[in-house]
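[1] need a structure here:
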Amino acid sequence: MSTWQGREIVDLLTDIIDREIVDPEGVPLGRVDDLELRSRDDGRTEVVALLTGTVALEPRLPRWALTLIRASARLTGGPDDPRRIPIEAITKVDTVVSITAAAAAAAASPSEERLKRKIIGRIPGADHASE
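    Predicted coordinates:
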């Protein structure tokens with residue numbers, strides 16, 4: 001049996017789901033909202049990718065929260081498809097899930113970019129907020 005992070009058994013619910021995902025610089029990209037699983041030929045199930053984004057999170061949310069999230073998504077151009085991070089792109093799992101720079105670029109949130117452009121960018125002085 002192969003090991004993962006020095007262990008043979010991993011509890012996906014406590015060890016992966018809801019962990020913050022960070023790029024190589026430690027910049028937060030979101031959280032692990034769901035997992036993509038695949039059945040192997042030997043009958044075991046394996047994790048092939050992490051999924052992040054509100055659409056990936058929706059199955060775990062109560063109805064009232066879904067209503068709020070969908071309404072806010074409409075303000076920024078609609079919900080985004082879940083962003084997929086292949087398991088091979090994970091470089092470390094600790095208190096956060098660290099991923100490669102290429103995976104981080106692919107996992108960037110389109111709705112966050114639209115929010116910055118449509119709303120935050122219109123606030124006077126917002127372009128200097130990070131300086």
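[2] I'd guessed residue 61 sits against residue 67; true?
    No: counting by CB atoms under 8 Å, residue 67 is not a contact partner of residue 61; they are 9.7 Å apart. Heads up, the C-betas are built off the backbone N, CA and C, glycines and all.
[3] Going by residue numbers, what spans are strands in the protein?
    20-22, 28-31, 34-39, 45-52, 83-86, 90-93, 96-99 (DSSP state E).
[4] measure residue 97 to residue 59 for me?
    From residue 97 across to residue 59, the span is 20 Å (CB to CB, to the nearest Å).
[5] before we move on, the earlier item: more neighbours, residue 61 and residue 67?
    Taking neighbours as other CB atoms under 10 Å, residue 61 and residue 67 compare with residue 61 leading, 14 against 11.
[6] Can you tell me, leaving aside adjacent residues, what's nearest to the more buried one?
    What sits nearest to residue 61 in space, not counting adjacent residues and going by CB to CB, 6 or more residues apart in numbering, is residue 69, at 7.1 Å.
[7] list the contacts for the nearest residue to residue 38 once chain neighbours are set aside?
    Among residues not flanking residue 38 along the chain, residue 48 sits closest, at 4.9 Å (CB to CB, 6+ apart). With contacts defined as CB atoms under 8 Å, 6 or more residues apart in numbering, residue 48 is in contact with 36, 37, 38, 86, 87.
[8] Dump the residues you listed into a markdown table; add neighbour count, pLDDT and distance to residue 21 as well.
    Shown next, in a markdown table, are the contacts of residue 48 (neighbours: other CB atoms under 10 Å; pLDDT from 0 to 100; distance: CB to CB, whole Å):
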| residue | neighbour count | pLDDT | distance to residue 21 |
| --- | --- | --- | --- |
| 36 | 16 | 92 | 14 |
| 37 | 11 | 92 | 18 |
| 38 | 10 | 93 | 20 |
| 86 | 15 | 94 | 13 |
| 87 | 13 | 91 | 13 |
